[in-house]
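Q: next one to model:
(one chain, ligands or ions: 2)
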Amino acid sequence: MKVLSGAQIRALEAKAAAAGIPLSGMMENAGAAAVRLMRKKFDLLGKRAVIVCGKGNNGGDGYVCARLLTELSVKVTVILAQGRPASGLAAAAFAVMPQDVYVIDYRESAQTAEQLLAAADYILDGLFGFGFHGSIPADLISLVRAMNASGAVRVSLDLPSGAQCDNGAVLGECVCADYTVTFSTYKPVHVLAPGRDFCGEVVVSSVGIPAQMIAGFRPALSVYSVPEIKALFPPRPAISNKGDYGKLFCICGSVGMAGAAVMAGAAALRCGTGLVQMALPESIYPIVSSRLTEPVFTLYRTDADGAFLPECREEIRMALSKATAVLIGCGLGKRPAARELLQLVLREAVCPVLLDADGINLASENIDMVANSKAPVVLTPHPGEMARLMDLRTEEVQKDRIDCAAKAAQQLHAVVVLKGSGTVIAAPDGELILNTTGNPGMAKGGSGDVLAGMIAALLAQGMDPTIAAAAGAYLHGLAGDRCAERYSEHAMLPTDLVNLLPEIFLAVER
Ligand SMILES: NC(=O)C1=CN([C@@H]2O[C@H](COP(=O)(O)OP(=O)(O)OC[C@H]3O[C@@H](n4cnc5c(N)ncnc54)[C@H](OP(=O)(O)O)[C@@H]3O)[C@@H](O)[C@H]2O)[C@@H](O)CC1
Ligand SMILES: [K+]
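A: Numbering: from 1, shown residues only. Ligands and ions are numbered 1, 2, ... in the order given. Purely as a prediction, here's the structure:
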């Protein structure tokens, strides 16, 4: 699903207007969409609706609602939060409101307005739309508080007032909506925290702009939904063999971190790969092979200083040449052999390579290795690893995750999956995808190994790196959400995610 920024929506409106679709018609459709939702969900006859309108076009949508709700025998009050409408469009909608709409100016009758809000059945929020910036001004704070304190159902028009359209920031008070009716497409505020948490259920409605005109806009951001994910996994052909589903070469695990290799390998096996081959230090082979039956293993040895023994190099090279994707880094450690393996992979692989954990930490020592690799590279850093990679502080990464992931993707010529609440997938061509699944129960050591194994498995099957990253993150989060329902956020384990993957894929295949 496309997510367009405020500026893009303005450009879209202008384009539609130039093509002969009047802005007044769009405003009419916007208000009608909100009323349609209310009719569908609630009994409106004789109920009391209070519509809070700002001076912009968001307020204009509110005046349209006032007219349409009055026609449905709803008792409507309009609260002018900032006086009369400032735009011609909103003023025109204001002018045609029926006489029976009770209009009060909040600046003159704040107490009455707040009493009406308290007694309302429905509150429509037309205070601010995508033209909002900064925070709710001091003179409107108690108005927003009264809207939130009411027992009424709150419906926000376009977005909850107080949240910023393009980054989801909420810098002060914000309307806490039960429903948000938005127009044409999702906007970043609907998917980015904290704004998204004030939206309630988001309903996207057309205001009459043709779909092909919307399709012409490159989205600021995309989000995946279940149907889009399902479309990525067509049925496996009846006549096929393991060679048709790729060969993943996993270079993961070290002494003390065998579990990372087990989780990454198990996740990869559960995501449909034809063959998983694992390169391990000889010493942890008994642990890994006792947990995983399906992979084939390539064992390597190191000398006393942790350096790779030359006789192992050829075998690794051979495996690399046959792989359709490589996963390197989960629990790999940072000893000389790990560094040498990473250099070998980034120098010689031509298939997609996924770098996770220590793979990323080692790459941070020389990021040109990544940028210059001829292999398509995917990196899956958590914020701390991202900070190391980009020479930033973790707080700087977290402050603008989207921007940071986008810059890293461009600088490294790689797909970057910045993990955390709202995982961001950034591609070197500027494409940005925000993942919407997952929960805090996944914030545990091992979840990242599972994600890396899942994305790598999709890469091995030939999925485009950006799509594999987005689909892997989505399914990983979905498995996490199922785990939380079943085992609780506290008790769920990364291993549970892997064990639930069959259920997730059953749903995807249906
Ligand atoms: N997309 C579509 O297809 C359609 C969109 N439509 C609707 O139009 C809406 C966008 O309308 P809009 O551009 O007039 O912006 P909106 O937010 O109503 O008002 C901005 C006003 O608020 C003010 N203001 C801002 N921040 C403030 C602050 N902190 N404190 C105080 N004031 C502040 C700002 O003042 P200024 O920045 O100029 O000083 C300006 O006067 C959109 O969300 C949707 O509902 C539909 O009608 C048609 C189809
Ligand atoms: K609003």
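Q: list the contacts of the closest residue to residue 188 other than its chain neighbours.
A: Spatial nearest neighbour of residue 188, chain neighbours left out: residue 166 (5.1 Å); criterion: CB to CB, 6 or more residues apart in numbering. C-beta here means a position set from N, CA and C on the backbone, and glycine is covered the same way. For residue 166, the contacting residues are 5-7, 187-189, 220, by CB atoms under 8 Å, 6 or more residues apart in numbering.
Q: can you report phi and psi for residue 166?
A: phi -90, psi -20 (degrees, to the nearest 10).
Q: okay, buried residues for the longest helix seen in the chain please.
A: Using DSSP state H, we find that the single longest helix of the chain is helix 465-487. Across helix 465-487, burial judged by 16 or more other CB atoms under 10 Å covers 465-484.
Q: ok, now stretch 414-434?
A: 414-420, 422-428, 431-434.
Q: avg pLDDT for it?
A: If you average the pLDDT over stretch 414-434, you get 95.
Q: roughly how far out does it sit from the chain middle?
A: 9 Å (CA atoms, centre = their mean, to the nearest Å).
Q: now do stretch 329-342
A: On the basis of CA atoms, centre = their mean, stretch 329-342 sits 31 Å off its chain's mean C-alpha point.
Q: near ligand 1, which residues of the chain?
A: By CB under 6 Å from any ligand atom, the residues of the chain that approach ligand 1 are 9, 13, 26-27, 30, 54-58, 60-61, 86-87, 128-135, 137, 157-158, 183-184, 207.
Q: so which of those belong to helices?
A: Reading helices off these with DSSP H, I get 9, 13, 26-27, 30, 57-58, 60-61.
Q: all strands of the stretch 401-510 of the chain, in order?
A: Along the stretch 401-510 of the chain, counting by DSSP state E, counting those that start in this stretch, strands occupy 415-418, 424-426, 432-434.
Q: reformat the ones you listed as CSV; add distance to residue 17.
A: Formatted as CSV, the strands of the stretch 401-510 of the chain follow (distance: least, CB to CB, whole Å):
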stretch, distance to residue 17
strand 415-418, 37
strand 424-426, 33
strand 432-434, 28
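Q: just the ones in helices from the contacts of residue 166, please.
A: Among the contacts of residue 166, the members falling in helices (DSSP H) are 6-7, 188-189.
Q: can you select the buried ones from the residues you listed in ChimeraX?
A: Buried residues among those (16+ other CB under 10 Å), as a ChimeraX selection:
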select :6,188,189
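Q: kindly reformat the ones in helices among the contacts of residue 166 as CSV containing pLDDT and distance to ligand 2.
A: Below are the ones in helices among the contacts of residue 166 laid out as CSV (pLDDT from 0 to 100; distance: CB to the ion, whole Å):
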residue, pLDDT, distance to ligand 2
6, 93, 13
7, 92, 18
188, 93, 15
189, 95, 10
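Q: of the ones in helices among the contacts of residue 166, closest to residue 176?
A: residue 189 (13.6 Å; CB to CB).
Q: does that closest one touch residue 168 like I think?
A: Yes. Using CB atoms under 8 Å, residue 189 is in contact with residue 168, at 4.8 Å.
Q: mutual contacts of those two, please.
A: By CB under 8 Å, 6+ apart, the residues touching both residue 189 and residue 168 are 195-196.
Q: ok, now which ones touch the closest residue to residue 129 other than its chain neighbours?
A: In space, and not counting its chain neighbours, residue 129 is closest to residue 58: 3.2 Å by CB to CB, 6+ apart. When contacts are counted by CB under 8 Å, 6+ apart, residue 58 touches 126-131, 157-158, 161.
Q: report the buried members of those.
A: 126-130, 157-158, 161.
Q: mind putting those residues in JSON lines, pLDDT included?
A: What follows is the buried ones among the contacts of residue 58, written out as JSON lines (pLDDT from 0 to 100):
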{"residue": "126", "pLDDT": "98"}
{"residue": "127", "pLDDT": "98"}
{"residue": "128", "pLDDT": "98"}
{"residue": "129", "pLDDT": "98"}
{"residue": "130", "pLDDT": "97"}
{"residue": "157", "pLDDT": "98"}
{"residue": "158", "pLDDT": "98"}
{"residue": "161", "pLDDT": "98"}
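Q: in strands, which of those appear?
A: 126, 157 (DSSP state E).
Q: and the buried ones among the contacts of residue 58, which is closest to residue 504?
A: residue 158 (33.5 Å).
Q: could you list the residues of the stretch 151-300 of the chain in contact with ligand 2?
A: Contact residues, the stretch 151-300 of the chain versus ligand 2 (CB under 5 Å from the ion): 156-157, 161.
Q: so residue 251 touches residue 331, yeah?
A: No. Under the criterion of CB under 8 Å, residue 251 makes no contact with residue 331, lying 10.4 Å away.
Q: so for residue 306, what's the pLDDT?
A: 81.
Q: select, out of the strands of the stretch 401-510 of the chain, the one closest to ligand 2.
A: strand 432-434 (21.6 Å; CB to the ion).
Q: strands of the stretch 251-400 of the chain, residue ranges please.
A: 275-281, 296-300, 325-328, 353-355, 377-379.
Q: hey, which of those strands is tucked in deepest?
A: strand 353-355 (a mean of 33; mean count of other CB atoms under 10 Å).
Q: quick one: distance of it to the chain centre.
A: Taking CA atoms, centre = their mean, one finds the center of strand 353-355 at 21 Å from the center of the full chain.
Q: need the contact partners of it.
A: Outside of strand 353-355, the residues within contact range by CB under 8 Å, 6+ apart are 325-329, 342, 345-346, 363, 370, 373, 375-380, 452, 455-456, 459.
Q: now with 7 Å, please.
A: 325-329, 345-346, 363, 373, 375, 377-380, 452, 455-456, 459 (CB atoms under 7 Å, 6 or more residues apart in numbering).
Q: and for stretch 364-377?
A: 343, 346, 349-353, 355, 363, 388-389, 411-414, 465.
Q: which of these ranks first by neighbour count?
A: In terms of neighbour count, residue 355 stands highest of the contacts of stretch 364-377 at 32 neighbours, by other CB atoms under 10 Å.
Q: pLDDT on whichever strand or helix holds residue 52, on average?
A: Per DSSP states H and E: residue 52 is located in strand 48-53. Strand 48-53 shows a mean pLDDT of 98.
Q: now residue 241. Its backbone dihedrals?
A: Dihedral angles for residue 241 - degrees, to the nearest 10 - are phi -140, psi 180.
Q: burial count for it?
A: Neighbours around residue 241, by other CB under 10 Å: 8.
Q: contacting residues for it?
A: By CB under 7 Å, 6+ apart, residue 241 has no neighbours at all.
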